[in-house]
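>>> Could you look at this predicted model? Sequence included:
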Amino acid sequence: MNAAGENQNLLAEQRRALILGEVRERGGVRVNELTRRLAVSDMTIRRDLDVLARRGALEKVHGGAVRVADASTHEPGFEAKSALEQPAKDRIARAAAELAVPGSAIALSGGTTTYALARLLTEVPDLTVVTNSVRVADVFHAARRRPSGAARPGAREGTATVVLTGGVRTPSDSLVGPVADAAIRTLHFDLLFLGVHGISAEAGLSTPNLAEAETNRRLVGSARRVVVVADHTKWGQVGLSSFASLAEVHTFVTDGGLPQRARERVREHIRELVVAEDAEAADGSDVPGAGARDA
């Protein structure tokens, strides 16, 4: 962390991201230590710890907080994940949608961030969409039933051919297994938007579901360009099975909560980092704007 005098004007989410980064790196933090480093009151720090604890990001203990040791095989359901970091996911989706080219063939994996992205991609003309997500497919099917002109003001009218892979349904409503793998094996995508359970420099991209790992591996292998869309809480998480290294990722789209040290690790391995800052942060003179790219 920076010296206390340098952190007086940190936004709440930036401060919480720094706290969480410390917890993940060191295993725990103390309130009195954080008050000195961040130059805020102990009441502010305790509120930050309360917020992070409610999100399941850490566990409060007497005088501070410790890391939550989630089982590497635990896979939350779609609804449970939908309630987490939704504003960040929406910002990530808006930044990622700018990468979709009309008339291209794209793939979307399962996940709540790709679900948010799908709602924006319905406005991109003439896409061919392959997905193993029941939720994502539903978004495109609903858009096709929408009356002409019913899109939000200023949006383009998009049309998409959607291919749902088939397979065995996971708790996150993704379709995986041999049927999905066989369908993906014969296809080639211009662009893959990939949601992940966990991402780290050591383990790469990972998931708690072995079958999903193999299906994601097929998706990565069939794509000319791989774009990972994941909020900052996914950094440092490691699932049971890794399915791709960071070097196989072309672009990582995340939110402004990703700590600076994590950004540096990302830049060592991934060609392009896109940070989708919120509007308040984007107005700061020393903070990159929404969708800021660091190739």
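Great, that's in hand.
>>> Leu205 falls within a strand, correct?
Yes - assignment of Leu205 by DSSP: H, G, I helix; E, B strand; the rest coil places it within a strand.
>>> burial count for it?
29 (other Cβ atoms under 10 Å). Every residue, glycine included, has its C-beta placed from N, CA and C.
>>> who touches it in this structure?
Listed by Cβ atoms under 8 Å, 6 or more residues apart in numbering, the contact set of Leu205 reads Leu194, Val196, Gly198, Ile199, Asn216, Val228, Ser242, Phe243, Ala244, Ser245, Leu246, Val249.
>>> Highest neighbour count among those residues?
Within these, Asn216 tops the neighbour count with 30 neighbours, counted by other Cβ under 10 Å.
>>> Could you verify my assumption that that residue touches Glu248?
No - taking Cβ atoms under 8 Å as the definition, Asn216 is not a contact partner of Glu248, at 10.9 Å.
>>> follow-up on the earlier one: among the contacts of Leu205, which are in strands?
Those of the contacts of Leu205 mapping onto strands are Leu194, Gly198, Ile199, Val228, Ser242, Phe243, Ala244, per DSSP state E.
>>> per-residue pLDDT, the fourth one?
Per-residue confidence (pLDDT) for Val228: 98.
>>> on that earlier part again, may I see the contacts of Leu205 arranged in TSV, with distance to Thr122 as well?
Shown next, in TSV, are the contacts of Leu205 (distance: Cβ to Cβ, whole Å):
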residue	distance to Thr122
Leu194	19
Val196	23
Gly198	28
Ile199	27
Asn216	23
Val228	21
Ser242	32
Phe243	28
Ala244	27
Ser245	32
Leu246	30
Val249	25
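>>> Out of the ones in strands among the contacts of Leu205, the closest to Arg26 would be?
Using Cβ to Cβ, Gly198 comes nearest to Arg26 of the ones in strands among the contacts of Leu205, at 19.0 Å.
>>> Please name the nearest non-neighbouring residue to that closest one.
Counting by Cβ to Cβ, 6 or more residues apart in numbering, Gln237 is the residue found nearest to Gly198 once chain neighbours are left out, at 3.2 Å.
>>> wait, what's in contact with His232?
Ala17, Glu85, Ala88, Thr254, Asp255, Gly256, Gly257, Leu258, Pro259, Ala262.
>>> mind redoing it with 7 Å?
Taking Cβ atoms under 7 Å, 6 or more residues apart in numbering as the criterion, His232 is in contact with Ala17, Thr254, Asp255, Gly257, Leu258.
>>> What about the residues you listed, which are in helices?
Using DSSP state H, the subset of the contacts of His232 located in helices is Ala17.
>>> would you turn the ones in strands among the contacts of Leu205 into CSV with distance to Val66?
Formatted as CSV, the ones in strands among the contacts of Leu205 follow (distance: Cβ to Cβ, whole Å):
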residue, distance to Val66
Leu194, 31
Gly198, 19
Ile199, 22
Val228, 28
Ser242, 25
Phe243, 29
Ala244, 30
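>>> Do a quick rundown of the helices in the stretch 101-250 of the chain.
Ranges of helices in the stretch 101-250 of the chain, per DSSP state H, counting those that start in this stretch, are 112-121, 134-145, 178-185, 210-221.
>>> hmm, back to that, lowest-confidence entry in the ones in strands among the contacts of Leu205?
Gly198 (90).
>>> Is that one in contact with Pro208, as I believe?
No - judged on Cβ atoms under 7 Å, Gly198 makes no contact with Pro208 at a distance of 8.4 Å.
>>> picking that back up, just the buried members of the contacts of His232?
Neighbour counting by 16 or more other Cβ atoms under 10 Å classes Ala17, Thr254, Asp255, Gly257, Leu258 among these as buried.
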